[in-house]
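Visitor: sequence first, then the predicted structure, then my questions.
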Protein chains: 4
Amino acid sequence: MDFVCYYLINHLIDRRESTYMLDDADKQGEKAYTTHGDERKRSLVLAAYQLIAERGFEELRTREVAKRAGVNIATLHYYFARKEDLIAEVVAYLLALFRSMGVEEGEMEDATPLEHLRLMFLSLQKSTQESPEMFVVLAELVLRSLRDHSIQSALLQMDDEWRKYLRWVIGMGIGQGEFRQGLDVEKTVDEIIVILKGATYHQIATRREVDFLGFLEDVKRILTSPE
Amino acid sequence: MDFVCYYLINHLIDRRESTYMLDDADKQGEKAYTTHGDERKRSLVLAAYQLIAERGFEELRTREVAKRAGVNIATLHYYFARKEDLIAEVVAYLLALFRSMGVEEGEMEDATPLEHLRLMFLSLQKSTQESPEMFVVLAELVLRSLRDHSIQSALLQMDDEWRKYLRWVIGMGIGQGEFRQGLDVEKTVDEIIVILKGATYHQIATRREVDFLGFLEDVKRILTSPE
Amino acid sequence: MDFVCYYLINHLIDRRESTYMLDDADKQGEKAYTTHGDERKRSLVLAAYQLIAERGFEELRTREVAKRAGVNIATLHYYFARKEDLIAEVVAYLLALFRSMGVEEGEMEDATPLEHLRLMFLSLQKSTQESPEMFVVLAELVLRSLRDHSIQSALLQMDDEWRKYLRWVIGMGIGQGEFRQGLDVEKTVDEIIVILKGATYHQIATRREVDFLGFLEDVKRILTSPE
Amino acid sequence: MDFVCYYLINHLIDRRESTYMLDDADKQGEKAYTTHGDERKRSLVLAAYQLIAERGFEELRTREVAKRAGVNIATLHYYFARKEDLIAEVVAYLLALFRSMGVEEGEMEDATPLEHLRLMFLSLQKSTQESPEMFVVLAELVLRSLRDHSIQSALLQMDDEWRKYLRWVIGMGIGQGEFRQGLDVEKTVDEIIVILKGATYHQIATRREVDFLGFLEDVKRILTSPE
DNA sequence: TATGAATGAGTTTTCATTCAT
DNA sequence: GATGAATGAAAACTCATTCAT
């Protein structure tokens, strides 16, 4: 459960089946498997996603979602019996968005551990600046997760995937001698995650640009300098 | 505007006039200047604060606030014409809470800069664990601040006070030779703030205990180790 | 219009043309003149009939009718433009059910009047116990008939047929000397009808078994004992 | 649970406490114990009662109830959180109406059993003709009771009170020699109830005037003539 | 014929706010 | 000051019906 996103390596995690195949995936030449109904659902979910980013859950109104998607309110309920069902799909959509930030299989096959980290920092910086709404919606979900178990477990799982990936990168770095021997892997994972969550949250909240690469330098020092 | 709290040194900042004189301050022997009406207001604000922590703004209902404060809904509106007025007072109350976390004037008169930082980390850790609702309400306010200018400026100001204090501590550390010469003060302030925001947010969101002192070690390394 | 059913002698009443040829009739060897559409209609009417018995008109939903009949809601409207049209057919179906309770032509050719009455009481008892839903739906229709003229006249006609039959039986009984001379036919018809309506309604409403034959004894006393 | 009403002798049954003190009772000189809120509630219940009689549960709309009572729909919900709560009060109101049909304590102190029965038949006849809506609403409730347990038990209780009273009257008649010895009390109670239910139901459904006193003659024959 | 999709008009219910006392 | 009562406006959700295919 968490504020900052998950960083994906395809071969490391099980991509759960999801309705949300993101644009890049869509472009991958598959035939049109999306029915008309799927399109409608997607446009409703997208509208809800945007409205949550703009107005928060507090002011999320089904009527507005329907209007933005260009359909009647009854049509919305044709696809999503309850408002909660729509929100659940927004959660799935957001998770897919974050997962799609990860690198594609084969893409970084011979990258060094540090290059992995560098990509992680850079891609988070890019998203934070170019798609801040992702993090706003995430923050909304984090607060909702305090009361909603299903959201809580979805976010926790995303966090776990992220940790798993970081553990793998750090372990590799230690094995290859790039990182210091005797590094406390679990502690280091925590440090990286806390820094990245802090950086994105700080940027979203203050709208000040945060220097992600500067933070990467600090992380490098932790990873390499002797105790 | 911000997630993590502000760390106060009384002589450094201008304490804005506020209805919220917290308990410690209250005890300071002033005569009972609080009228019956002030008590009522305070109990309403407290009830609202708790309900926001428990249910979020999304499910904050004036009737419930009134009920928890033990008064009629019309009485609530006697004191707070609009719901927003009540929320504004909750904001003021929360800021006062955070400000009260700071040290009292004279208390740390001859502390070293590192001792200042250490206290900051420890008191945030304590609050995060003992009064998590403070950070939950803060997170709710952060999201609201994206749409509400008055909240935004209140939070920004709190952030600024915090930065000012950190600048002062770091500057002092450099001057006294405790911290490395040539340290980029502004960058370091950012780093500390990002780490503390990340740490508190991570703890609230995942309910895992975060090791604040571990992070203090990282900060020390930044402050002392040569580039 | 009425609660209790009509007791039919085929040669006494004009069987109105109706889509509802009940099972016994169906078996009578006619070739399959029912088209596919008729089958669909019948299954929809049957589903509606059951749902009215189970949930009442208050909770009768066309979608549920369609679902139970295994067709799409649009298909239902293909056959029945309005919900009312479907209900009209349910009325026709129920009347056919009640009429089918009567004896077949020739079946009781040389039965005595008392035997006629006995059969009437017994067959109502049987139906009330084995097919209570018939009477539940009838009760629903009776209430609707207070606002719906077409239902009202259908029920009134059924009552009339019943009265006509009873008049015939009683007249025959007087003529043959089985019943007392000077019997007020119209009043006696009323008495029998009221008793049978009361008995079925009481049984449906309280779920207690009612002793129909006990009531037949009372009726016999009325029919035979001197004033 | 039942169609026809309950016949009350005050000293025989426990009058359950009820919000509904009917007009006669009201007139009994008590001081104005009804608050403003009680009046509002009563007027809403009355409006609902009338609308159920006119349109049935099927078409009962809270908005119409509110309009008829001359209040805003939100006011209705101020008094009755859910529609069902309003309906529950209508049930209580109707039961009170039926109970008020009974004779007052002391009124028939030295009446003979037959006079008791005669009054019962006459007062039911009067109500059926003058206040048919009572029986219409009762019929609506009977149907609802098939799905609603609380209504079911309320109606069953009313039936029980009625039976208890009839048992008492018949027992008294046998004891005084007015009715035949060896009469099966339980069976006779059933007969009277079935006849009265049948009579009222028949009258409501067909709008034909039913001769209650004629039925009383039949009952007398049952009560007095030898087997 | 049959249906998935869509919708207008309504339904109950909620909620911040107001008003008379 | 304080409150019980009242309300307008809106919320989520429903349902018979229609339409394009």
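Guide: Perfect, I can see it now. Numbering: from 1, shown residues only, chains lettered A, B, ... in the order given.

Visitor: make it CA atoms for all contacts and neighbour counts henceforth
Guide: Fine.

Visitor: and stretch A:93-100, average pLDDT?
Guide: Stretch A:93-100 comes out with an average pLDDT of 95.

Visitor: cool, and stretch A:160-167?
Guide: pLDDT averaged over stretch A:160-167 gives 96.

Visitor: and it, what's buried?
Guide: For stretch A:160-167, a neighbour-count test (16 or more other Cα atoms under 10 Å in any protein chain shown) marks A:Glu161, A:Trp162, A:Arg163, A:Lys164, A:Tyr165, A:Leu166, A:Arg167 as buried.

Visitor: likewise stretch A:138-156?
Guide: In stretch A:138-156, the ones that count as buried by 16+ other Cα under 10 Å are A:138-146, A:151-152, A:154-156.

Visitor: for stretch A:187-197, same thing?
Guide: Buried-residue list, stretch A:187-197, by 16+ other Cα under 10 Å: A:Thr188, A:Val189, A:Asp190, A:Glu191, A:Ile192, A:Ile193, A:Val194, A:Ile195, A:Leu196, A:Lys197.

Visitor: which of these fall within helices?
Guide: A:Thr188, A:Val189, A:Asp190, A:Glu191, A:Ile192, A:Ile193, A:Val194, A:Ile195, A:Leu196, A:Lys197 (DSSP state H).

Visitor: now flag whichever of the residues you listed is closest to A:Arg207.
Guide: A:Lys197 (14.8 Å; Cα to Cα).

Visitor: show me what the longest helix anywhere in chain A is packed up against.
Guide: Longest helix in chain A, counting residues (DSSP H): helix A:149-175. Helix A:149-175 is packed against helix A:83-99, helix A:113-130, helix A:132-145, helix A:185-206, with contacts defined by 3 or more Cα pairs under 8 Å, 6 or more residues apart in numbering or on different chains; DSSP states H and E.

Visitor: how about those helices in CSV, adding distance to A:Met172?
Guide: CSV is the format used below for the helices and strands packed on helix A:149-175 (distance: least, Cα to Cα, whole Å):
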stretch, distance to A:Met172
helix A:83-99, 22
helix A:113-130, 7
helix A:132-145, 29
helix A:185-206, 11
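
Visitor: so how far is A:Thr75 from A:Met172?
Guide: 51 Å (Cα to Cα, to the nearest Å).

Visitor: with A:Pro132 instead?
Guide: Plainly put, A:Pro132 is 30 Å away from A:Thr75 if you go by Cα to Cα.

Visitor: same deal with A:Arg40?
Guide: A:Arg40 is 9 Å from A:Thr75, where distance means Cα to Cα.

Visitor: care to break chain A down by domain?
Guide: A:19-100, A:106-227 (automatic domain parsing).

Visitor: possible to save those domains as CSV with distance to D:Leu51?
Guide: Conversion of the domains of chain A to CSV gives the following (distance: least, Cα to Cα, whole Å):
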stretch, distance to D:Leu51
domain A:19-100, 29
domain A:106-227, 42
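
Visitor: so which of the ones you listed gets nearest B:Glu209?
Guide: The nearest among those, by Cα to Cα, is domain A:106-227 at 10.9 Å.

Visitor: what's the offset of that closest one from the middle of its chain?
Guide: 11 Å (Cα atoms, centre = their mean, to the nearest Å).

Visitor: go on, stretch A:47-62?
Guide: That offset, for stretch A:47-62, works out to 18 Å (Cα atoms, centre = their mean).

Visitor: avg pLDDT for it?
Guide: Mean per-residue pLDDT for stretch A:47-62: 98.

Visitor: identify the residues contacting that stretch?
Guide: A:65-66, A:68-69, A:73, A:76, A:83, A:86-87, A:90, A:133-134, A:136-137, A:140, B:57-59, B:143-144, B:147 (Cα atoms under 8 Å, 6 or more residues apart in numbering or on different chains).

Visitor: just those that are near DNA strand E?
Guide: A:Ile73, A:Leu76, B:Glu59 (Cα under 7 Å from any atom of the strand).

Visitor: list phi and psi for A:Arg147.
Guide: A:Arg147 adopts backbone torsions of phi -120, psi -10, taken as degrees, to the nearest 10.

Visitor: which ones are touching it?
Guide: B:Arg55.

Visitor: circling back to that earlier point, looking at the buried residues of stretch A:187-197, which is nearest DNA strand F?
Guide: A:Lys197 (30.2 Å; Cα to the nearest atom of the strand).

Visitor: does the closest one touch B:His202 like I think?
Guide: Yes - counting by Cα atoms under 8 Å, B:His202 is a contact partner of A:Lys197 at 7.3 Å.

Visitor: hmm, back to that, closest to chain C out of the helices and strands packed on helix A:149-175?
Guide: Ranking the helices and strands packed on helix A:149-175 by proximity to chain C (Cα to the nearest Cα) places helix A:83-99 first, at 21.2 Å.
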